[in-house]
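1. Prediction below, plus the sequence it came from.
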Amino acid sequence: MMLEIDRLTLKAGEFLLKGFSLSIDEGECVALMGPSGCGKTTVMEAVCGLRAEGVLSGLISLGGEEITHLPPGARRIGLVPQDVALFPTLTVRAQLEFGPKLHCWDRDEMKSRVEGLASDLGLSDLMERLPKGLSGGEARRVALGRALSLRPRLLCLDEALTGLDEARHDEVLQLIREMIEREKVTALHVTHSRKEAEAISDRIVEMS
Amino acid sequence: MRDVNEAGKSPRPWRVKPELPFVLFLTFVLVAYVGMLLLMVGANVLTVTWVDLGRILKDDDILRSIKLTVVTCTATAILSVLVAVPLAYLLSRYQFRGRAFIDTLLDIPILLPPLIVGLSLLILFNRMSPATCCWMMAGGLLLASLIGFVLRGKGGGRALVPGALIVFAGMFGIGAVMMKGSGSLEEVSSGMGFPMTFHPLGIVLAQFPVAAAFAVRTMRTTFDQISPRYEEVAMTLGCHRGQAFSRVVLPLAGKGMVAAGTMAWARALGEFGPVLIFAGATKGRTEVLATSVFLEINIGNLPGAAAISLLMIVLAVATLLLVRFFVGRGGAI
């Protein structure tokens, strides 16, 4: 089992989610679906360690290690947020190098990883561009590359395709599927689109 | 032939756009207020002759005053930004009990009559010893930590902040014991080579409270405009909170920092009451442009005072235009 959420109770503002459980096998891609406001994103943020103070009870384990109260950076989880959140002052190359530099990767290893990701994601010609010079689809690809740069144990995609036109949507959807398979990464995909969930995921979990 | 509507009534002979009275009212307020401001500036301009301006710009005391104004305002602006950035970030990003109270507290320098700021500084430096200040700080921090613990008990919050307050209270307590019988704050700071009261350094201190309050407000708006999502993503990539702040948020807040500094600079330029009371208005020593105006009026030289005012208006307008340039182009980013 790669990710195991065991009877998680968490609070985010006025919102309270009680006793949520979920298991994801290694290499599996699970789509978390449900109506707006049911707590899909809150669960994902708790898994990423961004709602640590809101976790009232329950456990989150990743690869057999309990991570409920680990800081986000120690979890090795890649996040592609809904609004992409590319750092506005950094070039595409700097976005992809951000994680490896923080973890003091060897220069050659970092270069090879970043060039490899850029090539896989079709970003090689965009490396010196700033986010404001990228289209919606390109920005999604950079965010995906940034999230995968540290070879995470889990990839979290939060409505990662929202706001794209149909052509770009299908293109990025296909790319995400390919990258998940190529990187052999376990993935948790929060979405409200059944089409998207069926296209990417091995299993769909409905939250009520 | 006139149209007749279904009800058999003739339409009104003339039509007034429904929004016209409202637009007229808005325009009237605009014209009245801006007109008053322009009249004030115009009155200054009409009072000043080229001869007065030339005399003012050749006067050694005034030139020293301009120099001192620029230096002290710049020092105050830098100090204000250094304080405003962490304070505004704390208030923008952290939810804690008492945040609204602290937010209000930070606005007090803006609300206080300027003379009271100066008088408070004068009393603080000349009537209080460092030991007394340390005891007061320790007592205040202990009280705040106690309130923090009580409120935490009710709400189940973290004990980090009350705990930190106790540590700081302890440090101030130790400081109080060590500095017992050391004379007033002014005597101690003078002894260390930093005299404050009726000294140029005191000008910065007198300008600082209000300037910093404006800088905090500007920085708070800046940080509120920056999505916390950037920091969250940075943290999933390995940053701790401090690294996310310095590597991601601070570069985004650059223009906001310039705007905050400019605002603080402009506020410091106009600060008169606290400067007069705490630093005095000694010609050639603690005379800044605001006090120069006062001194010129005191000797009955109205054109001279108007000429200096004009100089200050130019500086203030230039500063405000700079703020508009930075804030108007996205503020945070």
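-> Good, I have the coordinates. Please read these numbers as outputs of a predicted model, since none were measured by experiment.
2. CA atoms for contacts and neighbours, from now on please.
-> OK.
3. Please name the nearest non-neighbouring residue to the residue of chain B found nearest chain A.
-> Distances between chain B and chain A by C-alpha to the nearest C-alpha are smallest at B:Gly238, namely 3.7 Å. The spatial neighbour of B:Gly238 that comes closest, neighbours along the chain excluded (C-alpha to C-alpha, 6 or more residues apart in numbering or on different chains), is A:Gly73 at 3.7 Å.
4. Can you list the buried residues in stretch B:305-318?
-> Residues B:305-313, B:315-316 are the ones in stretch B:305-318 that count as buried (16 or more other C-alpha atoms under 10 Å in any protein chain shown).
5. The residues you listed also near chain A: which ones?
-> Near chain A, taking C-alpha under 8 Å from any C-alpha of the partner chain as the test, no member of the buried residues of stretch B:305-318 is found.
6. quick revisit: identify the residues contacting the residue of chain B closest to chain A.
-> A:72-74, A:99, A:102-103 (C-alpha atoms under 8 Å, 6 or more residues apart in numbering or on different chains).
7. quick revisit: out of the buried residues of stretch B:305-318, which are inside helices?
-> Using DSSP state H, the subset of the buried residues of stretch B:305-318 located in helices is B:305-313, B:315-316.
8. For the lengthiest helix in chain B, buried residues please.
-> Residue-count comparison of every helix in chain B, with assignments taken from DSSP H, identifies helix B:60-93 as the longest. Of the residues in helix B:60-93, those buried by neighbour count under the rule 16+ other C-alpha under 10 Å are B:61-66, B:68-70, B:72-82, B:84-85, B:87-89, B:91-92.
9. What of stretch A:141-149?
-> By 16+ other C-alpha under 10 Å, the buried positions in stretch A:141-149 come out as A:141-149.
10. Am I right that A:Leu17 falls within a strand?
-> Yes: residue state for A:Leu17 (DSSP: H, G, I helix; E, B strand; the rest coil) corresponds to a strand.
11. State the distance from it to B:Val23.
-> Using C-alpha to C-alpha, to the nearest Å, we find A:Leu17 at a distance of 51 Å from B:Val23.
12. ditto for B:Phe101
-> With distances taken as C-alpha to C-alpha, B:Phe101 is found 39 Å from B:Val23.
13. Over to B:Ser190?
-> Relative to B:Val23, and taking C-alpha to C-alpha, B:Ser190 is found at 60 Å.
14. same thing with B:Leu320?
-> In this structure, B:Leu320 lies at 27 Å from B:Val23, with C-alpha to C-alpha as the measure.
15. These two: which is more packed in?
-> Per other C-alpha atoms under 10 Å in any protein chain shown, whichever of B:Leu320 and B:Val23 has more neighbours is B:Leu320, with 17 against 11.
16. Correct me if wrong: the more buried one contacts B:Ala264.
-> No: under the criterion of C-alpha atoms under 8 Å, B:Leu320 is not in contact with B:Ala264, lying 10.7 Å apart.
17. Enumerate every residue touching whatever residue of chain A ends up closest to chain B.
-> When scored by C-alpha to the nearest C-alpha, chain A has A:Gly73 as its residue closest to chain B, at 3.7 Å. Residues touching A:Gly73, when contacts are defined by C-alpha under 8 Å, 6+ apart, comprise B:235-240.
18. how about stretch B:47-55: buried residues?
-> In terms of neighbour count (16+ other C-alpha under 10 Å), stretch B:47-55 has its buried residues at B:48, B:52-53.
19. any residues touching that stretch, and which ones?
-> Contacts of stretch B:47-55 (C-alpha under 8 Å, 6+ apart): B:303-304, B:306-307.
20. Next: stretch A:120-127.
-> A:91-93, A:115, A:118, A:138, A:141-142, A:145, A:175, A:179.
21. Adding distance to B:Glu231, write these out as TSV.
-> Conversion of the contacts of stretch A:120-127 to TSV gives the following (distance: C-alpha to C-alpha, whole Å):
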residue	distance to B:Glu231
A:Thr91	17
A:Val92	17
A:Arg93	19
A:Glu115	25
A:Ala118	23
A:Glu138	21
A:Arg141	20
A:Val142	17
A:Gly145	18
A:Leu175	26
A:Met179	25
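22. TSV for those, including secondary structure?
-> Shown next, in TSV, are the contacts of stretch A:120-127 (three-state DSSP):
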residue	secondary structure
A:Thr91	coil
A:Val92	helix
A:Arg93	helix
A:Glu115	helix
A:Ala118	helix
A:Glu138	helix
A:Arg141	helix
A:Val142	helix
A:Gly145	helix
A:Leu175	helix
A:Met179	helix
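23. related to what we said a few turns ago, what confidence value was assigned to the residue nearest to B:Gly238?
-> A:Gly73 is assigned a pLDDT of 91 by the prediction.
24. B:Gly54 too?
-> In the prediction, the pLDDT value recorded for B:Gly54 is 87.
25. repeat for A:Glu45
-> The per-residue pLDDT of A:Glu45 was computed as 93.
26. That one against A:Arg51, yeah?
-> Yes: in this structure A:Glu45 lies within contact range of A:Arg51 using C-alpha under 8 Å: 5.9 Å.
27. Name the helix or strand for the residue found closest to B:Leu63 once you drop the neighbours it is linked to in the chain, please.
-> The shortest distance from B:Leu63 to any residue that is not its chain neighbour, by C-alpha to C-alpha, 6+ apart, is 6.6 Å, and that residue is B:Leu57. Using DSSP states H and E, B:Leu57 sits in helix B:50-58.
28. where along chain A do the helices fall?
-> Read by DSSP H, chain A holds these helices, from start to end of the chain: A:40-48, A:92-102, A:107-121, A:136-148, A:166-183, A:194-200.
29. and the residue most central in space within chain A, what does it touch?
-> The C-alpha lying nearest the average C-alpha coordinate of chain A belongs to A:Cys156 (C-alpha atoms, centre = their mean; 2.5 Å). Residues in contact with A:Cys156, defined by C-alpha under 8 Å, 6+ apart, are A:44, A:48, A:77-80, A:187-190.
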